Structures are given as structure tokens and as C-alpha cells.
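[1] 3D, please:
(one chain, ligands or ions: 1)
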Amino acid sequence: MTDQHEPSNEQLLSLFERMTLIRLMEERLRADAAAGRLPGAVHLYIGQEAVAVGVCANLRDTDWITSTHRGHGHFLAKGGDPKAMMAEIWGKRTGICKGMGGSMHVADLSKGILGANGIVGGGFAIATGAALAISLLGNDRVAVAFFGDGAANQGVFMECLNVSSLWQLPLVFVCEYNHFCEFTPTATVTSGDIVDRARAFKIPCEVVDGNNVVAVFNAAASAITWARSGKGPAFIEARTYRIQGHLESEDLFLAGGKYREKQEVEEWRKLDPIARLANFLVSQGACTTSQLDGITSKIAGVVEDAVKFAEASEPADPELTFEVMFAGQRP
Ligand SMILES: Cc1ncc(C[n+]2csc(CCOP(=O)(O)OP(=O)(O)O)c2C)c(N)n1
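    Here you go, the predicted structure:
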């Protein structure tokens, strides 16, 4: 697509901070889900933080993203408010959707976050529509569709590859190849390589190590520059791994069954994107371990404040249900 855009040390530290925010928010959600304190399901993004952060670091507030059911990382990476996200997941009226959407629907239009989505593949057409709007309005925004390797088997993916290429839309597809579709290893339900589907539509593609935030940042910088300059869509496949279960209560679904080996998870833990970035920064002399520890402690405080805010907030207003479900017309 275009040449390299290496991040500065300052940018690398900011990537570390944003990835740490996602990780600590989710570690806390994990603990609260296990303790039965959260209403509804949570799908955690632990291990995939480099993808959302590496891509969104190249975006502006005015750019659009669509997300998935595993959407906390995208929301925070794009600048969503941690307190408002936490309160939403807790089902509180101070949440970003007034507690009506929960984990799978965190959205903030003021930050260009068109929403997490409980419909697998639901983000493709929304992002394509946003990119069509950008194109018709003639501004220099871009739209990014984050999606999973499972979603790539939905038919709408082909439709959106086709029209975005045909109409040269400013759209970047970001496939997060985390190796699983719920409890099914992707390789057992996917023919060929997902990236070849985009290539067939003459869309420029790059496959990157999704646990290396610098690699993702560079690929995203090229893809976003390409799309923003009116050359049409671009495609990134980020190879990563889902460390947590499909959702936090997956043991109830599995009823003793298993779909992967513990050893495999442990091997991927060694490629933890946050630890890798920390090692890189320290080995390059870009910062010291104690500086990184300082960032982590600061973020732990942000997470604590978000939880306190959510806990202290009032539950969602049941009356609002009619308004948001029936667009003002009560049955
Ligand atoms: C249209 C639709 N079909 C099925 C489901 C059930 N479902 C929820 S998540 C999921 C797997 C998605 O896998 P992938 O797109 O790879 O995302 P990941 O969970 O790995 O992040 C499925 C089949 C759904 N939510 N929506």
C-alpha cells in the first residue's frame, strides 16, 4: 500500500498505556463476572489488545469503527470513556447507552464508535454504509470494520468486499484471526485463506502478527492512509489468539467438553502483546521498567474509579425500555 510509518517512543508509550487500560478493565470484568456481579454475558478481548490499539492509534475521532460482540477493546482503543463503559456493562443508567445495551452494544457516536454488535458479521454492512456516506459527502474520513475469523464466513462479508472495491470506498477491513468461532477451531470450518477472499476483489491486503502492536500499527497506518487518500478499501488480517473462553461462563455451555488444549493457550500466553511491547521498550532504552510500572499503577486507579462509579450508579430505568424499543410509540 504505502511506505512504513514507525511509531515514535512517545506513541509507543501511549500504545502501552491504552493496551494496559483494556487489559486491566477486562481483568476486573473477569473477576466480577466470576463473582456473579455482572448482568449478562461478557466476551473478553484479553490477548488481542494490540489489534484494536494498533489500528485505532491511526484514527481520528471523526473516523468510524464498527465492532463485534467482543467489543470492549475497540471501544476503549477508539477513545471511549472507561467509566461510561463500565457502568453500561453493569446495567446502570450512567452507562454509555443508559444501561440498555450492556457489554455487546457499547457505542459512542461522538467518538466515531458505531457500536459493538451481538450479530456476528453485523458490523460489515454498517461500516460499508458509513464509508459510502463518507464517499458521497466527499470528506476525508475513513471507516474500519473489525471482525472475527468466524464472521468472515458470513455471506455479507463478500457483499461488502464487492461493493467497497467496486465503489472505491474509504473502508479498512480488520480481521482478527483469533483461531476460534465460539467453541469451534476456525480451521475446521473455513476453506482456504480468508485474506484471499479480499484479494479476489483486488483489495490490497496485509497479514500481520496481531500480537505485535508495532506491526499492527504500521500495517494500519498504510491501510488507513490508502483508504483516506481515496484509493479504495484495504484489508488487514491480524493473527492473534483468544486467551479467555468465548464468554466468561463458557464452562456451563461446555458441560465438561473441551475444544482446545491448555498447552496451546500457555504457548500463546508467551506471546502476550503487552509484555512484548514492554520488553521492546525497555530493551530499546525507550523507558525503564519502573516507568512502565508507573503507567500500570495509574491505569489501575482509572479502573478502580470506573468500578466505583458503576457500583454507585442507579440501575437502568425500566421506563426507558419502551422509548428505546418502540421509538416513542408505546404499545
Ligand atoms: C448471526 C449470528 N450467528 C451466530 C451467532 C452466535 N455466535 C456468537 S459469537 C460467534 C462466533 C464468532 O466468532 P468470530 O467472528 O471469530 O469472533 P470471536 O468470538 O472469535 O471474537 C457465534 C457463532 C450470532 N451471535 N450471530
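
[2] C-alpha from now on. contacts and neighbour counts both.
    Noted.

[3] ok, for the residue in the stretch 201-331 of the chain that the ligand sits nearest to, nearest residue in space, not its chain neighbours?
    The stretch 201-331 of the chain approaches the ligand most closely through residue 246 (5.9 Å), counting by Cα to the nearest ligand atom. Counting by Cα to Cα, 6 or more residues apart in numbering, residue 182 is the residue found nearest to residue 246 once chain neighbours are left out, at 5.3 Å.

[4] what's around the one you found, how many residues?
    Other residues lying near residue 182 total 13 when counted by other Cα atoms under 10 Å.

[5] and for the nearest residue to residue 26 once chain neighbours are set aside, the neighbour number?
    Nearest residue to residue 26 in three dimensions, chain neighbours excluded: residue 44, at 6.5 Å (Cα to Cα, 6+ apart). Using other Cα under 10 Å, residue 44 is surrounded by 27 other residues.

[6] next one: residue 291
    Neighbour tally, residue 291, other Cα under 10 Å: 12.

[7] and it, how far from residue 300?
    Counting by Cα to Cα, to the nearest Å, the gap from residue 291 to residue 300 is 14 Å.

[8] phi and psi next, for the residue nearest to residue 26.
    phi -90, psi 150 (degrees, to the nearest 10).

[9] now do the same for the residue most central in space within the chain: its pLDDT.
    The structure's the chain has its C-alpha centroid closest to residue 74; by Cα atoms, centre = their mean the separation is 3.1 Å. If you check residue 74, the pLDDT there is 98.

[10] measure residue 117 to the ligand for me?
    Distance of residue 117 to the ligand, given as Cα to the nearest ligand atom, to the nearest Å: 8 Å.

[11] that residue contacts residue 68, doesn't it?
    Yes: applying Cα atoms under 8 Å, one finds residue 117 in contact with residue 68, separated by 4.8 Å.

[12] shared neighbours of these two, anything?
    The overlap between the contact sets of residue 117 and residue 68 (Cα atoms under 8 Å, 6 or more residues apart in numbering) consists of 104, 123.
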